[in-house]
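Asker: Starting from these lines, generate the structure:
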Amino acid sequence: MRELLRANIASLVPYRCARDEFTGTASVYLDANENWQDFVAEKGRNRYPDPLCVNLRHRIDEVMGLPFAHTVVGNGSDEIIDNLIRMFCVPGKDRILLMPPTYGAYRVFADINDVKSDVVPLNENFGIDFPALEAYLAQEKRDRGNGRCKLLFICSPNNPTGNAFPVSQIEQISSRFDGITVVDEAYFDFNRYPSAVTLLDRHPNLVVLRTLSKSWGLAGARVGILVASEDICQVMRSMKYPYNVSSPAQETALHDLDHADAVREGTKEILAERERLNEVLPTIACVKQVYPTDANFFLVKVTDADGIYRYLMGKGIIVRNRTHEYHCQGCLRLTVGSKAENQALLAALKEWKG
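Answerer: Numbers count the residues shown, from 1 in each chain. Reported below is the predicted structural model:
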């Protein structure tokens, strides 16, 4: 892993605060130039948050089974993705590999960091195109000179297609790719496959991303989780913002994790609604195809994606138009909402006249 790091990151002397070096609870805090006065109802807001999210990571370990020593908590998965690109990719030199259609933020963060995005598109059934991937990796090794492909992103279940990839396929890629394989499991709790976390012992250059934004219902709190080797976690902690996850976000996440049974019951309700939509959507005249999903959304091919998208927006129903993505021509992405929200969507689609 160390040989893949940017030189300036490998030699970075991190910013450290006294609370990086202290464990437990002190009676007097005079280290961080905080105001000792607390002016808001939620006590403790005058103090900086735990920079290492220690209590939260312990609860993540206990409830989600993600080992404490192998986690870093970020301000959403987006912060972690951005940091991974900055950790490994030299601007204007190194590259990342994407398999579109996939989550658009990977390319955006690469562009921000002046890192080129190579692509090996999924096949027309949204499966991994292994012959094309093998050809790319072989050519990439031959062409290495000033820069190389450092990161390969796999979104599983994939956004916007909804399908997950078997762990055996992820292991095959991680075994073949000599950079960092990043598996984004934002929608893991809705899918049927085991987590790629099970591969970490055998593949130290594998990174798994999780989030509390989806099944845990905390999109507004911005809590993402990196799961990786202790070496990768150590480097990530050295370069992240010192207080990157706010106290309200950490407290909200702890509250959710303390009510995991209720969260899991809520996931069952989403899955039940997903099954209902899967039965009803294909019966609607403007729906041409409903793709199989392992997530809390559907990719749906319709008769007029642009027109139906605008029509639904006019009715106050916001969906995602994906018609311009690889192999997604004519497709909308529909999130599984509440029963009432789903009913409103179905009713509107049935009324569409074209």
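Asker: Please identify the buried residues of stretch 311-318?
Answerer: By neighbour count with 16 or more other CB atoms under 10 Å, stretch 311-318 contains the buried residues Y311, L312, I317. All C-beta spots, glycine's among them, are computed from the backbone N, C-alpha and C.
Asker: now swap in stretch 106-126 and tell me
Answerer: Within stretch 106-126, the residues that count as buried by 16+ other CB under 10 Å are Y106, R107, F109, A110, N113, V115, K116, S117, V120, P121, L122, F126.
Asker: So which of the residues you listed are in strands?
Answerer: Per DSSP state E, strands hold the following members of the buried residues of stretch 106-126: K116, S117.
Asker: so which strand or helix has L349?
Answerer: helix 339-351 (DSSP states H and E).
Asker: That helix: which residues count as buried?
Answerer: Under the neighbour-count rule (16+ other CB under 10 Å), helix 339-351 has N342, A344, L345, L346, A348, L349 buried.
Asker: again with stretch 143-157
Answerer: By neighbour count with 16+ other CB under 10 Å, stretch 143-157 contains the buried residues G147, R148, C149, K150, L151, L152, F153, I154, C155, S156, P157.
Asker: pLDDT score for the second one?
Answerer: The predicted local confidence for R148 comes out at a pLDDT of 96.
Asker: Please give me every residue in contact with the residue nearest to it when sequence neighbours are not counted.
Answerer: Of all residues not flanking R148 in the chain, D94 sits nearest, at 6.0 Å (CB to CB, 6 or more residues apart in numbering). Counting by CB atoms under 8 Å, 6 or more residues apart in numbering, D94 touches F88, V115, K116, G147, R148, C149, K150.
Asker: which one of those residues sits closest to V336?
Answerer: V336 has its nearest neighbour among the contacts of D94 in V115, at 33.8 Å by CB to CB.
Asker: State the distance from the nearest residue to the closest one once chain neighbours are set aside to Y106.
Answerer: Using CB to CB, 6+ apart and skipping the chain neighbours, the partner closest in space to V115 is C89 (4.4 Å). Distance, C89 to Y106, using CB to CB, to the nearest Å: 12 Å.
Asker: neighbouring contacts of stretch 293-304?
Answerer: 157-164, 187, 190-193, 214-215, 270, 274, 277-278, 281, 285-291, 308, 322, 328, 330-336, 354.
Asker: got the buried residues of stretch 311-318 as JSON lines, with secondary structure columns?
Answerer: Shown next, in JSON lines, are the buried residues of stretch 311-318 (DSSP: H, G, I helix; E, B strand; the rest coil):
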{"residue": "Y311", "secondary structure": "helix"}
{"residue": "L312", "secondary structure": "helix"}
{"residue": "I317", "secondary structure": "coil"}
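Asker: what about the strands in the chain?
Answerer: So, for the chain - with DSSP E - the strands run 71-74, 95-98, 116-119, 149-155, 180-184, 206-211, 224-227, 287-290, 297-302, 320-321, 331-335.
Asker: Against which helices or strands is the second one packed?
Answerer: Using 3 or more CB pairs under 8 Å, 6 or more residues apart in numbering; DSSP states H and E as the contact criterion, the elements in contact with strand 95-98 are helix 105-112, strand 116-119, strand 149-155.
Asker: Look up phi and psi at N146.
Answerer: As for N146, its main-chain torsions (degrees, to the nearest 10) stand at phi -90, psi 80.
Asker: Now it. Nearest residue, chain neighbours left out?
Answerer: Nearest residue to N146, sequence neighbours excluded (CB to CB, 6+ apart): K93, at 6.0 Å.
Asker: Could I get the phi/psi values of the one you found?
Answerer: phi -140, psi -60.
Asker: and the residue nearest to I308 when sequence neighbours are not counted, what are its bridge partners?
Answerer: Once flanking residues are discounted, I308 sits nearest to V302: 5.2 Å by CB to CB, 6+ apart. Per DSSP bridges, the residues bridged to V302 are V287.
Asker: Next, count neighbours for V302.
Answerer: Number of residues near V302 (other CB atoms under 10 Å) recorded here: 25.
Asker: Check what pLDDT it gets.
Answerer: Note for V302: predicted pLDDT of 98.
Asker: before we move on, what about the one 5 residues further on?
Answerer: You'll see G307 listed with a pLDDT of 98.
Asker: Pull the contacting residues for it.
Answerer: Per CB under 8 Å, 6+ apart, neighbours of G307: G354.
Asker: and if you look at the one 5 residues further on?
Answerer: With contact taken as CB under 8 Å, 6+ apart, L312 is in contact with I318, V319, L345, A348, L349.
Asker: how about the helices of the stretch 51-200 of the chain, start to end?
Answerer: For the stretch 51-200 of the chain, helices defined by DSSP state H, counting those that start in this stretch occupy the ranges 54-64, 76-88, 105-112, 130-143, 167-176.
Asker: Please identify the deepest-packed of those helices.
Answerer: helix 76-88 (a mean of 23; mean count of other CB atoms under 10 Å).
Asker: contact partners of that helix?
Answerer: The contact list for helix 76-88, computed with CB under 8 Å, 6+ apart, reads 4-6, 9, 72, 74, 94, 96, 105-106, 109-110, 112-113, 115, 150-151, 179-180, 182, 184, 186, 207, 209-211, 213, 222-226, 235-236, 239-241, 244.
Asker: Now do the shared contacts for C89 and Y106.
Answerer: Both C89 and Y106 are contacted by I96, under the criterion CB under 8 Å, 6+ apart.
Asker: Out of the buried residues of stretch 311-318, which is nearest to A249?
Answerer: I317 (29.5 Å).
Asker: Next, the contact list for that closest one, please.
Answerer: A344, L345, A348.
Asker: All set, thanks.
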